[in-house]
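J.: Give the three-dimensional model of this entry:
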Amino acid sequence: MKATGGVESSKTIAPAPGKAFEHLPAERRLAMPAQDFSASPRDLPHRPFNVDLWARRLLVVLLALLPASMAAHEMRRSIGLDGISVWEGVYLALFIPLFAWIAFGFATSLIGFLLLTVGKGKGAGPYRMRSTTPLRGRTAVLLPVCNEDFQGVLGRLSIMERSLAQVMGGERFEFFILSDSNPANGEIERTAYLKMRKSFSRPVHYRRRALNVGRKPGNIAEWVQRFGGAYDYMIVLDADSVMSGQTMARLAADMERHPHVGLIQTVPSIVGATTLFARWQQFASRLFGPISAAGMIWWAGSEGMFWGHNAILRTRAFAQSCGLPELPGRAPFGGHIMSHDMIEAALLRRRGWDVHIVMADDSFEEFPPSLPDLATRDRRWCQGNIQHVPLLARIRGMHPVSKFQLFVGASAYCTSPLWLALMLVVLGGAAAGVWPPSAILPSGGLLVLTAVLLFGPKLLAMLWALADPSTRIGFGGGIRMMRGVIADIGLSILMAPVSMLTQTINLFGILMGRKSSWNGQTRDRDGMAILGAIWLFKWHILLGVGLTILAIRSGTSLGWIMPVAAGLVLAPFFAAFTARKDLGSHVAKSGLFQVAEPWWRTQNYQKTRYRQLQLDNAPIKGFSDAANDS
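T.: Numbering: from 1, shown residues only. Have a look, this model is predicted:
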């Protein structure tokens with residue numbers, strides 16, 4: 001059968017104005033019932049208690065609680081010798097959990113650093129394609145889109161389709177573009193698809209829904225119910241995702257090798273940055289992300305997470321476990337589940353399916369080009385994660401680690417108002433004469449410990465990269481990498497208070513019932529109008545000025561508050577400055593924020609003709625062990 005036979009056998013439904021358009025294979029329906037959250041699933045497979053995995057989790061908790069306890073003791077000794085007043089009690093109630101939060105992040109990064117250096121990546125190393133066993137199952141690669149740059153979507157699809165053509169078993173994969181775009185953009189998509197579909201070497205199907213019920217999870221569920229019965233696995237991507245054929249085939253091979261695994265999530269790297277902001281974030285994620293991800297993989301084990309894209313799922317397991325009901329009530333806690341991915345991972349684990357995370361060298365996504373675009377995306381995530389809070393008690397039979405992950409996701413958006421409240425308590429207490437201006441500030445030893453916890457992960461990541469020649473070369477060498485880290489620290493200090501207030505405003509707006517929209521994301525930008533930026537960040541400027549005045553009136557040292565106030569006052573200029581492409585090009589030419597090029601931009605890939613790759617049968621180190629032990 002020809003490689004394009006799937007495309008030629010697809011049926012085409014011509015659209016009326018504003019109606020759906022489909023170019024799809026024959027349906028193979030699969031039931032996907034809505035889950036009953038009030039009842040625990042029955043007849044689940046029995047799994048032995050994994051002592052080693054729970055010991056890892058206990059170690060991480062202890063590593064986080066140790067510095068938090070030291071900090072609590074130090075602060076209790078400095079302010080509570082004559083008893084604890086209400087002001088001091090509020091201060092400690094804010095300070096201790098925030099300190100434990102940053103300590104938990106440091107503990108995870110420390111373990112990841114040890115795994116990637118001393119442990120040589122055991123249990124969390126890079127995910128490489130090494131299987132010669134012919135693939136038996138069929139895999140659908142799903143690309144949900146909503147009002148995107150469709151030429152860019154087709155370009156990324158072409159990269160993946162070409163990469164699959166070079167991998168043994170690539171003929172077992174088919175692509176589905178699942179559109180939720182509006183009628184005008186849908187017509188553009190239809191025209192572009194019909195022009196390009198015959199140029200692909202494997203089936204590439206397209207469908208635009210007329211009614212966008214349930215956003216992205218509804219889009220995926222509709223495909224599962226109509227076509228899921230024909231495919232053993234589905235790789236879910238975002239419109240800006242790219243994944244190599246080798247990793248796709250490796251994921252499918254591991255799903256076949258481990259029939260109790262329901263989902264494997266890759267850790268995608270950022271690619272395609274053009275503005276200064278995106279290049280900075282691309283550098284930071286590539287350098288600092290791996291040790292944190294390795295530590296998380298180590299303690300998560302078979303209770304991993306799902307980020308909604310760049311992952312493979314067992315289709316029947318997903319259909320059996322992940323039908324999402326519409327929640328009662330109004331937003332933010334009612335309606336369709338917005339951050340569906342974390343819930344879907346929890347529901348898979350609830351049914352007894354394992355969920356794993358792996359590190360992949362060639363799984364990519366893009367990043368918002370500016371700070372306001374990041375804030376828009378972050379607001380949607382905030383509403384979705386806050387929506388999870390009542391589900392912690394509503395969903396029966398959820399695994400304890402899944403509950404912990406949902407709690408951590410929600411609490412991440414609560415730390416910002418807590419940090420703001422802590423600063424206001426310190427300054428307000430000093431202004432009211434509750435304590436002397438310097439009495440409530442941490443001691444020298446505690447400041448050192450705080451600096452270690454905040455900046456230690458960056459230092460550990462730099463040491464890891466310096467120790468590995470290929471990683472060091474990817475960042476342009478040690479000197480350029482250290483320049484990038486210094487610039488990252490300075491930019492992070494400016495951005496931290498801006499994100500703090502933005503997330504605080506978003507959280508309270510969501511709790512007041514202001515819903516987030518879920519339209520196509522802004523993936524390309526070049527600069528911002530400064531007047532528009534000033535209006536956008538007006539509350540940040542006012543808070544920065546207010547904190548400065550409050551610090552002066554209370555007699556508090558301006559040394560610790562000025563970085564916060566400066567970041568807030570300069571927020572519009574910071575956003576406009578970092579959103580420029582010319583500055584992004586300038587730092588790229590200077591070698592600042594340099595990262596390794598993705599595989600499809602390398603000269604070797606461009607010159608390589610289509611060929612079958614012969615790959616050995618060794619399973620990935622760490623993943624197979626964890627999958628067998630869980």
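J.: for this protein, what spans make up the strands?
T.: Applying DSSP state E to the chain gives strands spanning 11-13, 21-24, 126-127, 139-145, 173-179, 204-208, 233-236, 242-243, 261-270, 311-314, 354-365.
J.: Which parts of the stretch 1-150 of the chain are helices?
T.: Listed in chain order, the helices of the stretch 1-150 of the chain (DSSP state H, counting those that start in this stretch) span residues 5-8, 51-79, 86-116, 150-165.
J.: and G295, how far is that from F106?
T.: When CB to CB, to the nearest Å is applied, the distance between G295 and F106 equals 10 Å. No exception for glycine: its C-beta is placed from N, CA and C like everyone else's.
J.: neighbour-wise, which of these two wins?
T.: Using other CB atoms under 10 Å, the more surrounded residue of G295 and F106 is G295, with 26 against 22.
J.: list the contacts for T108?
T.: 60, 292, 295-296, 299 (CB atoms under 8 Å, 6 or more residues apart in numbering).
J.: can we see that at 6 Å?
T.: With contacts taken as CB atoms under 6 Å, 6 or more residues apart in numbering, T108 has the following neighbours: 292, 295-296.
J.: ok, of these, which one's closest to A551?
T.: Proximity of the contacts of T108 to A551 (CB to CB) peaks at S292, which lies at 33.3 Å.
J.: circling back to that earlier point, just give me the closest of the contacts of T108 to P372.
T.: Within those, distances to P372 taken as CB to CB reach their minimum at S292, with 25.6 Å.
J.: Let me know the pLDDT of the closest one.
T.: S292 is assigned 94 on the pLDDT scale.
J.: again with S10
T.: With respect to pLDDT, S10 scores 57.
J.: what are the ranges of the helices in the stretch 201-350 of the chain?
T.: If DSSP H, counting those that start in this stretch is used as the criterion, the helices of the stretch 201-350 of the chain fall at 215-227, 245-257, 276-300, 315-321, 340-350.
J.: can you list the contacts of T108 in TSV and add distance to P368?
T.: Listed next are the contacts of T108 as TSV, based on distance: CB to CB, whole Å:
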residue	distance to P368
S292	20
G295	25
M296	23
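J.: Mind listing the residues bridging to the closest residue to R207 other than its chain neighbours?
T.: With CB to CB, 6 or more residues apart in numbering as the criterion, R207 has its nearest non-adjacent residue at 4.7 Å, and that residue is E22. Taking DSSP bridges, one finds I13, R207 as the beta-bridge partners of E22.
J.: Now do E22: how many residues are near it, please.
T.: 17.
J.: what do you get for I357?
T.: Other residues lying near I357 total 27 when counted by other CB under 10 Å.
J.: separation between it and E366?
T.: I357 sits 20 Å away from E366, going by CB to CB.
J.: next one: L92
T.: With the distance defined as CB to CB, L92 ends up 42 Å from E366.
J.: the more surrounded of the two?
T.: For the pair L92 and E366, the greater number of neighbours falls to E366 (23 against 16), based on other CB under 10 Å.
J.: wait, isn't the more buried one in contact with G272?
T.: Yes: contact criterion CB atoms under 6 Å: E366 and G272 qualify, at 4.7 Å.
J.: For the chain, which residues score under the pLDDT cut-off?
T.: Scanning the chain for pLDDT under 70 picks out the ranges 1-19, 79-83, 120-132, 437-444, 516-522, 601-630.
J.: circling back to that earlier point, any idea which of the helices of the stretch 201-350 of the chain is most buried?
T.: For these, ranked by mean neighbour count under the definition mean count of other CB atoms under 10 Å, the leader is helix 340-350 at a mean of 25.
J.: Could you list every helix and strand in contact with that one?
T.: Under the contact criterion of 3 or more CB pairs under 6 Å, 6 or more residues apart in numbering; DSSP states H and E, the helices and strands touching helix 340-350 comprise strand 354-365, helix 400-412.
J.: okay if I get those as CSV plus distance to S163?
T.: Putting those into CSV (distance: least, CB to CB, whole Å) gives the following:
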stretch, distance to S163
strand 354-365, 8
helix 400-412, 32
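J.: that older thread, adding distance to A565, write the strands of the chain out as JSON lines.
T.: Conversion of the strands of the chain to JSON lines gives the following (distance: least, CB to CB, whole Å):
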{"stretch": "strand 11-13", "distance to A565": "59"}
{"stretch": "strand 21-24", "distance to A565": "53"}
{"stretch": "strand 126-127", "distance to A565": "42"}
{"stretch": "strand 139-145", "distance to A565": "42"}
{"stretch": "strand 173-179", "distance to A565": "46"}
{"stretch": "strand 204-208", "distance to A565": "49"}
{"stretch": "strand 233-236", "distance to A565": "43"}
{"stretch": "strand 242-243", "distance to A565": "41"}
{"stretch": "strand 261-270", "distance to A565": "30"}
{"stretch": "strand 311-314", "distance to A565": "41"}
{"stretch": "strand 354-365", "distance to A565": "34"}
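J.: and of these, who's closest to F49?
T.: The minimum distance between F49 and the strands of the chain falls on strand 354-365, with 14.9 Å, by CB to CB.
J.: just checking, what packs against that closest one?
T.: The elements that strand 354-365 packs onto, with contact taken as 3+ CB pairs under 6 Å, 6+ apart, are strand 126-127, helix 245-257, strand 261-270, helix 340-350.
J.: Give me the most central residue, this structure.
T.: W307 (5.7 Å; CA atoms, centre = their mean).
J.: Distance-wise, check that one relative to G584.
T.: Distance of W307 to G584, given as CB to CB: 25 Å.
J.: Buried residues of the longest helix anywhere in the chain, list them for me.
T.: Longest among the helix segments of the chain by residue count, using DSSP state H, is helix 478-511. Neighbour-count burial for helix 478-511, with 16 or more other CB atoms under 10 Å as criterion, is recorded at 480-481, 483-485, 487-488, 491-492, 494-495, 497-507, 509-510.
J.: same thing with stretch 394-413?
T.: Applying a neighbour-count criterion of 16+ other CB under 10 Å, the buried positions in stretch 394-413 are 395, 397-399, 401-403, 405-406, 409-410, 413.
J.: hang on, R525 packs against P369?
T.: Yes: R525 lies in contact with P369 (CB under 6 Å); the separation is 4.2 Å.
J.: how about the helices and strands packed on strand 354-365, which one is nearest W599?
T.: helix 245-257 (9.0 Å).
J.: Run through the neighbouring helices and strands of the closest one.
T.: Applying 3+ CB pairs under 6 Å, 6+ apart, we find helix 245-257 packed against strand 233-236, strand 354-365.
J.: Compare those and give me the one nearest T315.
T.: Closest among the helices and strands packed on helix 245-257, once you apply CB to CB, is strand 233-236, at 5.3 Å.
J.: distance between that closest one and the chain's centre?
T.: Averaging C-alpha coordinates over strand 233-236 and over its chain gives two centres that are 18 Å apart (CA atoms, centre = their mean, to the nearest Å).
J.: Against S40, how distant is M398?
T.: In this structure, M398 and S40 are 9 Å apart, going by CB to CB.
J.: contacting residues for the residue nearest to the centre of the chain?
T.: D341 are the contacts of W307 under CB under 6 Å, 6+ apart.
J.: let's see 7 Å
T.: In this structure, W307 makes contact with 265, 341, judged by CB atoms under 7 Å, 6 or more residues apart in numbering.
J.: Adding distance to Q225, write the helices of the stretch 1-150 of the chain out as JSON lines.
T.: Rendered in JSON lines, the data for these read as follows (distance: least, CB to CB, whole Å):
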{"stretch": "helix 5-8", "distance to Q225": "20"}
{"stretch": "helix 51-79", "distance to Q225": "35"}
{"stretch": "helix 86-116", "distance to Q225": "38"}
{"stretch": "helix 150-165", "distance to Q225": "24"}
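J.: between the ones you listed, which gets nearest to I312?
T.: helix 150-165 (13.5 Å).
J.: among the helices and strands packed on strand 354-365, which is nearest D361?
T.: Closest approach to D361 among the helices and strands packed on strand 354-365 (CB to CB): strand 126-127, 5.1 Å.
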